Structures are given as structure tokens and as C-alpha cells.
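Visitor: Sharing a model that was predicted from the sequence below.
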Amino acid sequence: MDQHPALSVRLTVGDTLSDFFADDVDLALRYGKPADSSLVAFHIATINRITCASPDYVSRFGQPRHPEELAEHNCLLYKLDERLFSTWEFLRDTETFRVRVTGNRITDDTDIVRRWAVAGRGIAYRSQIDIEVELNSGALIPLLTEYRSPPAQLFLLCPGRKQVTPAVIELREMLRRQCAELLRRAIA
């Protein structure tokens, strides 16, 4: 907006899936390629999830060494449009582990999951860009580091080609640069 003073933004932050037309939304940032082929989807980044907890949680309850040991821990769960994300997936070499986890906290806001994890309330399975600051500060520590998650694709979505303006293209490029920088710092 500093570069384009005539641009105005109304930002709605939430984890629910928006209906572009009913909710009067011009753009959305979402994980996963949309099933609706009428949407224009710009790939922003490929992102892994990190299993993490606070140092306090680990000192009190220990650290899982294998994904199946998550069954012995309080996992912080996320729900999107009535779908509970309680199966966490891990890859190592050619093996895939799908683990059903449970916990005493469920929310429809992924930022709340991050906050609960920092507060020592359980183990989280979060996008590495969402917790990069906490990982670098030591507020969260990565767990199960011998395993990786299947990569998630982050997309900028537009309801149609007509909405793809120069401002949208510039936003896409800025998001790509910023996500690449966050991912670089998260890996370092």
C-alpha cells in the first residue's frame, strides 16, 4: 500500500473457507489446490508442517521419538468447516506413517494452536512459516525431526481472470518473496 497509495484493503483473517461471491471476497490465501476449477490459483510456496512443542511441555511430558508415540501425548487439534484434522502424516525414507492423535483442545483457528503450543499445552503440527519466529526464538522446539510431513501447497486464489489485476500480480510476487525468505530462515 505504501507503493500504491490509491489501493485500499479490507482484510478478513480467519481459517474458514470463504465463498468469494457470498462473502464479497476478492482474494484468499489457502493451503491446497482448490477443487473449484473456475478459480484462478497462483502457487505461492511449498511448505512443510513441523511437529513442535514448548521446552516446558517437553520437560514435563517428554519427547516422542516415533510418530506412534504421539498417542501418549496431548496433541493440539484444528478443525476447519466441521473437518477435524486429527490424522497427522509423517514420511521417512519410503515409509509413510499416518497417526490418529487426540487432545483436550480443539479450535477452528490455527493461530490459537500456535499460542497453546507456546504456552506448553501440548504438541502442535503446524506450517513451518506459521511458527518460524517461535522456532528461531526457542519458544517452540521441533520434534520428530527424523521425519518430514508431506509438503503442503500454498495458493493465492482469485474468483476469476477478471480479478487478476496488476495489483494482484504484485501481491503474488511479494507473497512469494516473503514466503521464500521465511522458509529460508526456518531451514537455517
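Guide: Great, that's in hand. Just so it is clear, the structure is predicted and the values come from calculations on it, not from any experiment.
Visitor: Please read off the pLDDT at the residue positioned nearest the centre of the chain from the model.
Guide: The centroid of the chain falls nearest to residue 127 when counting by Cα atoms, centre = their mean (3.6 Å). At residue 127, the model reports a pLDDT of 89.
Visitor: Start the count at 56 instead of 1 going forward.
Guide: Noted, 56 is the first residue going forward, which turns the last one into residue 182.
Visitor: wait, it sits on residue 106?
Guide: No. Contact criterion Cβ atoms under 8 Å: residue 182 and residue 106 do not qualify, at 11.7 Å. From N, CA and C alone the C-beta is placed, and that goes for glycine too.
Visitor: May I see the domains of this protein written out as residue ranges?
Guide: 83-101+206-242, 104-198 (automatic domain parsing).
Visitor: Comparing these, which stretch has the densest surroundings?
Guide: domain 104-198 (a mean of 17; mean count of other Cβ atoms under 10 Å).
Visitor: who does the worst-scoring helix or strand of the chain on mean pLDDT pair up with?
Guide: When the helices and strands of the chain are scored by mean pLDDT, DSSP states H and E, strand 83-86 comes last with a mean of 82. Applying DSSP bridges to the sheet, strand 83-86 is found paired with strand 207-213 (antiparallel).
Visitor: and the partner strand, how far from the chain's centre?
Guide: Relative to its chain's centre, strand 207-213 lies at 11 Å (Cα atoms, centre = their mean, to the nearest Å).
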